[in-house]
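> only the shape, not the letters, is given here:
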């Protein structure tokens, strides 16, 4: 058994002792004091503040550089949790993760802070709330106003990332909750038709604003029940401002006949205005009073303007008209008219029109349709007073197609080659035949093809056989006519 010399053992123990001391953290000596300061007394959620610990020995001198200080917090994140002093101070960063008052402490060895440092986070940092409405009022019929709250912390700076709860005693707010932006502002929209108080709540702090309803002005229109076209009629316009309402900015009268409206300006009492209608019809005179905040009230009055309207007659073809084939039409103005005829136009119902001008008697013309269907043809007469009369007739248009027929040239017998004739006739449009084809239904074979009428043969088959010959004729316009011929072999 080998023996260890005493000198070697002593050296090993000394080395182990020195190595262990190098690994131990340096902490403040007994009697030291720790004082905490922070560069911000409040932070938003996820906001940061720098925490500084000043460590002083009992002799009043800073502790040795590298002294480890451990920091604690009731919530939030401290990075790093342990920091080493430099010149007697150690610094860490606090991040607020939720609303509330975080309590921060520190210790080193036997020394610790006498009292925790408090920092307000999120809504707990709200000190003042200023609430405003844009606009501060809504119309009588209801409307919206944007509610804006500005949240400041204890230092007077904006408090971002703070949740705000909005409530109202009337109407509705949307959204009900919002978060302040970098300027400390949060917004919601009030929709209401009544005077409403909106309250904003941030933590324990509240603020409110009242949005008022301003009643709209009223206006009445009176005048004659009937009037004559071309002559002036008088109407009385009377605006009224409700109690607490805004003054009238202007009153605009719309005559209902497409003419330019008339602006009466800021009238305050009954005002008579006149207007001449050019055409007979029923019109609604509408007055709109607008106050200085943009609210409007309307009043209306109906007047019946009389005059004999011009008349016109029109006749269409009585028979069905084919596409591509002209049809005859006649327009007949009245023998006498209250006002001379200025113009007659015809709308054919297919997107085309014709202007006949100042006709004085029956006027005939033709029209060729390019598509089939039912069409309403309308003649519109306008007199020199601008009045209009109309009359309509209907026409049915079918597509012009060539006709084709099949016939056998001899009696049909079994097991024989029988002769047939195909006859193609152009349609009324005059488009020439371009192609004629005949096929058998039982075999699908083409038994005839050509550019017009002709003859062909085909095998009949055994007694009792039945098949169909299908013929088609297509003209140069692409229109196709068809026919079938059933062959029964006796």
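Great, that's in hand. None of the values given here were measured: they were computed from a predicted structure. Numbering: from 1, shown residues only.
> only C-alpha atoms from now on, for both contacts and neighbour counts.
Will do.
> how many other residues sit next to residue 113?
Using other CA atoms under 10 Å, residue 113 has 19 other residues around it.
> show the contacting residues for it.
Under the criterion of CA atoms under 8 Å, 6 or more residues apart in numbering, the neighbours of residue 113 are 33, 34, 35, 36, 105, 106, 107.
> beta partners of residue 198?
With DSSP bridges as the criterion, residue 198 is bridged to residue 168, residue 209.
> no, scratch that, I was asking about residue 188
residue 147.
> close enough to count as contact, it and residue 172?
No: under the criterion of CA atoms under 8 Å, residue 188 is not in contact with residue 172, lying 10.0 Å apart.
> follow-up on the earlier one: export the contacts of residue 113 to CSV and tack on pLDDT, distance to residue 241 and neighbour count?
Output for the contacts of residue 113, formatted as CSV (pLDDT from 0 to 100; distance: CA to CA, whole Å; neighbours: other CA atoms under 10 Å):
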residue, pLDDT, distance to residue 241, neighbour count
33, 96, 76, 23
34, 96, 73, 23
35, 95, 69, 19
36, 96, 66, 22
105, 96, 67, 22
106, 96, 70, 23
107, 96, 74, 22
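> those in strands, which ones?
33, 34, 35, 36, 105, 106, 107 (DSSP state E).
> mind listing what the third one touches?
Under the criterion of CA under 8 Å, 6+ apart, the contact list for residue 35 reads 53, 54, 55, 113, 114.
> residue 135: how many residues sit nearby?
12.
> leaving out the residues flanking it, which one is nearest to it?
Leaving aside its chain neighbours, residue 135 sits nearest to residue 145 (5.5 Å; criterion: CA to CA, 6 or more residues apart in numbering).
> mind listing what's buried along the helix or strand that contains the one you found?
According to DSSP states H and E, residue 145 maps onto strand 143-152. Using 16 or more other CA atoms under 10 Å as the test for burial, strand 143-152 gives 144, 145, 146, 147, 148, 149, 150, 151, 152.
> which residues sit in contact with the fifth one?
Under the criterion of CA under 8 Å, 6+ apart, the neighbours of residue 148 are 131, 132, 133, 134, 185, 186, 187, 188.
> do the same with the last one
With contacts defined as CA under 8 Å, 6+ apart, residue 152 is in contact with 126, 127, 128, 129, 158, 159, 184.
> tell me how far the first one lies from residue 113.
Think residue 126. Relative to residue 113, residue 126 is positioned 27 Å away (CA to CA, to the nearest Å).
> so what's the residue count around residue 379?
Around residue 379 there are 28 residues (other CA under 10 Å).
> what's across from it in the sheet?
residue 346, residue 391.
> hang on, the earlier thing: most widely separated two among the contacts of residue 113?
33 and 105 (12.5 Å; CA to CA).
> identify the contacts common to those two.
112, 113.
> now do the helices in the protein.
In the chain, the helices defined using DSSP state H lie at 6-23.
> before we move on, the earlier item: show me which of residue 188 and residue 172 is the more surrounded one.
Neighbour count, other CA under 10 Å: between residue 188 and residue 172, residue 188 has more, with 24 against 18.
> residue 158 contacts residue 151, correct?
Yes: here residue 158 reaches residue 151: they are 6.0 Å apart, a contact under CA under 8 Å.
> state the number of residues packed around the residue nearest to residue 289 when sequence neighbours are not counted.
Excluding the flanking residues, the one nearest residue 289 by CA to CA, 6+ apart is residue 251, at 4.4 Å. Using other CA under 10 Å, residue 251 has 24 neighbouring residues.
> for residue 251, which residues are in contact?
Neighbours of residue 251 in contact, by CA under 8 Å, 6+ apart: 239, 263, 264, 265, 266, 267, 287, 288, 289, 290.
> recalculate using a threshold of 7 Å.
By CA atoms under 7 Å, 6 or more residues apart in numbering, residue 251 lies in contact with 263, 264, 265, 266, 287, 288, 289, 290.
> again with residue 309
So residue 309 contacts 387, 388, 389 (CA under 7 Å, 6+ apart).
> same thing with residue 207?
Neighbours of residue 207 in contact, by CA under 7 Å, 6+ apart: 129, 130, 131, 199, 200, 201.
> follow-up on the earlier one: from the ones in strands among the contacts of residue 113, pick the one nearest residue 433.
residue 105 (106.2 Å).
> ok, back up a step: mean confidence for the strand holding residue 145?
When pLDDT is averaged along strand 143-152, the result is 95.
> now for residue 158 and residue 151: what residues contact both?
residue 184.
> before we move on, back to that, Throw the contacts of residue 113 into CSV and include distance to residue 309, thanks.
Output for the contacts of residue 113, formatted as CSV (distance: CA to CA, whole Å):
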residue, distance to residue 309
33, 108
34, 104
35, 102
36, 98
105, 98
106, 100
107, 104
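> residue ranges of the strands in the stretch 201-350 of the chain, please?
205-214, 218-222, 226-228, 232-240, 248-254, 262-263, 271-276, 281-291, 296-306, 313-315, 321-322, 327-332, 341-347 (DSSP state E, counting those that start in this stretch).
> list the buried residues in the fourth one.
This means strand 232-240. Buried residues in strand 232-240, defined by neighbour count with 16+ other CA under 10 Å: 233, 235, 237, 238, 239, 240.
> and the gap between residue 84 and residue 96?
Distance of residue 84 to residue 96, computed by CA to CA: 23 Å.
> between those two, who's got more neighbours?
Ranked by neighbour count (other CA under 10 Å), residue 84 and residue 96 place residue 96 first, with 24 against 20.
> which residues touch that one?
Counting by CA under 7 Å, 6+ apart, residue 96 has contacts 43, 44, 45, 46, 47, 48, 76, 77, 121.
> domains in the chain, by residue range?
According to automatic domain parsing, the chain is divided into the following domains: 33-123, 126-214, 220-301, 313-398, 403-488.
> how far off centre is the longest one?
The reference is to domain 33-123. On the basis of CA atoms, centre = their mean, to the nearest Å, domain 33-123 sits 54 Å off its chain's mean C-alpha point.
> that domain: end-to-end distance?
Domain 33-123: ends 33 Å apart by CA to CA.
> what's the closest non-adjacent residue to residue 90?
residue 53 (5.2 Å).
> ignore the last one, residue 199
Residue 199's closest residue in space is residue 208 (CA to CA, 6+ apart), at 4.2 Å.
> for residue 159, see how far away the one you found is.
18 Å.
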